[in-house]
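>>> Need a 3D model of the sequence below.
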Amino acid sequence: MAAAGFFNRFMALRTATFVLCFVSMLAELQRIDHSVNSDSLRFLVVGDWGRKGEYNQSKVALQMGRIGEEVEPDFIISTGDNFYENGLTGVDDPAFEESFSNIYTAKSLQKPWFNVLGNHDYRGDVEAQLNPILRMIDHRWLCMRSFIINAEIAEIFFVDTTPFVDKYFTHPGSHTYDWSGILPSREKYLSNLLKDLDLALKESKSKWKIVVGHHTLRSAGHHGDTKELVKELLPILKANEVDLYINGHDHLVQHISSLDSELQYFTSGGGSKAWRGDYDLNKEGLKFFYDGQGFMTVEMTTTDAELIFYDVFGNVLYKWSTSKQAYKAI
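Purely as a prediction, here's the structure:
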């Protein structure tokens with residue numbers, strides 16, 4: 001029986017790996033349709049969380065579940081750094097269940113989780129997080145390098161931001177990064193990604209365009225602006241009238257407003273370890289900043305959107321709302 005179980009798991013792994021590779025060859029940005037059953041779209045956003053429940057990860061998860069009962073989310077978004085400190089070692093790494101399945105146990109969180117990779121995830125076996133076999137362990141998990149969720153009211157474009165950052169290649173320090181699928185042609189990988197994203201945004205007919213990445217574009221926190229993304233990614237977002245850029249990386253929650261477009265920057269990276277104490281409250285366009293743990297909810301209709309930050313105790317920290325009708329009146 002044990003041998004049969006091992007064989008079945010091995011064959012499932014081979015099949016899942018083949019499917020993953022086949023999808024990757026088809027397109028850089030796979031589109032996934034996720035229909036909603038109402039006239040509004042609701043989801044939660046959390047980032048920088050995977051610490052086996054430590055650093056208040058379990059407490060944030062508890063409040064996500066409680067707020068989730070009220071919000072009834074269609075899905076949850078992770079902004080990356082899913083497993084600390086060094087990603088997963090493989091598809092059989094117990095950290096997957098210890099930091100994910102065993103932590104986010106609330107009934108309201110038993111929805112699809114759409115995940116991007118962070119820099120800490122790249123320090124482990126990247127292909128493990130991308131491998132569909134993890135969905136056999138926990139059906140909620142979906143992680144790809146870059147992809148699109150078509151949720152009718154909004155299209156959400158997930159972007160693999162880590163390969164943009166030069167220092168991970170030129171000055172990695174004591175860390176080792178898994179660049180399989182990126183090297184030896186990093187430039188080609190990034191060029192294709194930007195081209196595919198630009199085309200997908202241009203072709204989008206959605207009322208709302210949201211881009212999700214791990215790294216900051218604008219931030220008053222420790223990491224500040226990511227200069228490579230400001231140079232390469234930001235012009236595409238502005239040219240295609242993207243509404244929201246949502247990220248993690250800085251372990252906090254914040255809102256920065258663009259001064260030359262309608263683009264709004266939201267950081268939701270407070271899923272576990274936080275309170276670094278290194279920030280710039282004079283940051284241009286800064287609307288809200290909280291150097292602590294928390295998460296975000298998003299609710300949208302075809303005309304209106306409301307985003308709310310909650311802290312580790314489930315208290316409302318900040319609310320922001322906007323209207324497409326207001327944009328047209330400007």
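
>>> now the helices for the chain?
For the chain, the helices defined by DSSP state H cover 2-26, 57-71, 95-96, 126-130, 134-137, 167-170, 186-203, 227-232, 234-239, 324-329.

>>> Worst mean pLDDT among the ones you listed?
Per-stretch mean pLDDT for the helices of the chain is lowest at helix 2-26 (a mean of 39).

>>> Name the residues of stretch 160-179 that come out as buried.
160-165, 168, 177-179 (16 or more other Cβ atoms under 10 Å). Every C-beta, even on glycine, is put in place using the N, C-alpha and C of the backbone.

>>> and what of stretch 31-42?
Of the residues in stretch 31-42, those buried (16+ other Cβ under 10 Å) are 36, 41-42.

>>> Identify the residue nearest the geometric centre of this protein.
residue 79 (2.4 Å; Cα atoms, centre = their mean).

>>> quick one: that one and residue 39, what's the gap?
Distance of residue 79 to residue 39, computed by Cβ to Cβ, to the nearest Å: 27 Å.

>>> What of residue 185?
Distance of residue 185 to residue 39, given as Cβ to Cβ: 45 Å.

>>> just residue 72 next, same as before
13 Å.

>>> Residue 29 now?
Taken as Cβ to Cβ, the span from residue 29 to residue 39 is 27 Å.

>>> Repeat that for residue 240.
Using Cβ to Cβ, residue 240 is found at 25 Å from residue 39.

>>> And for residue 204?
Relative to residue 39, residue 204 is positioned 20 Å away (Cβ to Cβ).

>>> likewise residue 277?
Applying Cβ to Cβ to residue 277 and residue 39 gives a distance of 43 Å.

>>> do the same with residue 78
Counting by Cβ to Cβ - residue 78 and residue 39 are separated by 26 Å.

>>> Likewise for residue 206?
15 Å.

>>> What of residue 227?
Applying Cβ to Cβ to residue 227 and residue 39 gives a distance of 40 Å.

>>> what do you get for residue 214?
Separation of residue 214 from residue 39 (Cβ to Cβ): 31 Å.

>>> Repeat that for residue 76.
21 Å.

>>> got it, and residue 250?
34 Å.

>>> Check residue 46 too.
For residue 46 relative to residue 39 (Cβ to Cβ), the value is 25 Å.

>>> what's the answer for residue 148, then?
To residue 39, residue 148 is 22 Å away according to Cβ to Cβ.

>>> now do residue 315
Counting by Cβ to Cβ - residue 315 and residue 39 are separated by 29 Å.
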